[in-house]
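Trainee: pasting the structure only:
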């Protein structure tokens, strides 16, 4: 049986230092922060290995290795990462792109910038099956359907000016995102 210490991401000392980081001297805190950030980055980059295991091991073996609680924890980690990277849900009517708002928390709404629009669009694409985690009434879902319709000549005359404006805003957000230096 593998050692529990080896299977943990943080050592006991790193865990203690990150939980009490405000009490540490500046040098120790900075050194520990760098160390744990590297471990977090390495862990996230190893997700592809987890995917390989899931794709290739028989289902009954995976079922024995994982529990429902693991899935619950993973969803919590995903939700926390989305919040920290500022992937907020968008609210508003799909045909009124000037009124789209970002829900930062239950008390804070702000106008959606193009970066918010593209992040919400990316999130909708990648997490199609996890709609509860990014907002079930994301107006960009409807705008994406309109965008597909707008390419079909039979539907072009059915789109209103407001719907065309929403499609244009989504296209501009994507264009701005692709042009940004990385």
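Mentor: That came through, no problem. Remember, predicted model here, so these are calculated numbers, not experimental data.
Trainee: show the low-confidence segments of this structure, by residue range.
Mentor: 1-5, 124-136, 180-182 (pLDDT under 70).
Trainee: quick one, domains of it?
Mentor: 9-57, 89-179 (automatic domain parsing).
Trainee: and the shortest one, how far out from the chain middle?
Mentor: The chain centre lies 19 Å from the centre of domain 9-57; the measure is Cα atoms, centre = their mean, to the nearest Å.
Trainee: start to end distance for that domain?
Mentor: 23 Å (Cα to Cα, to the nearest Å).
Trainee: where exactly do the helices run in the chain?
Mentor: Ranges of helices within the chain are 4-7, 12-19, 26-45, 47-56, 59-65, 68-84, 114-126, 139-150, 153-156, 161-179, based on DSSP state H.
Trainee: by how many degrees do the fourth one and helix 26-45 diverge?
Mentor: Spelled out, that is helix 47-56. 30 degrees (axes from the mean of the first three to the mean of the last three Cα atoms, to 10 degrees).
Trainee: now do the contacts for residue 97.
Mentor: Neighbour list for residue 97: 139, 143, 162, 165-166, 169-170 [criterion: Cβ atoms under 8 Å, 6 or more residues apart in numbering]. Any C-beta I mention is one placed from the backbone N, CA and C, and that applies to glycine too.
Trainee: pull out the buried members of those.
Mentor: The neighbour count (16 or more other Cβ atoms under 10 Å) marks 139, 143, 165-166, 169-170 as buried among these.
Trainee: how close does residue 72 sit to residue 113?
Mentor: In this view, residue 72 and residue 113 are 32 Å apart by Cβ to Cβ, to the nearest Å.
Trainee: so which of the two has more stuff around it?
Mentor: residue 113 (13 against 10; other Cβ atoms under 10 Å).
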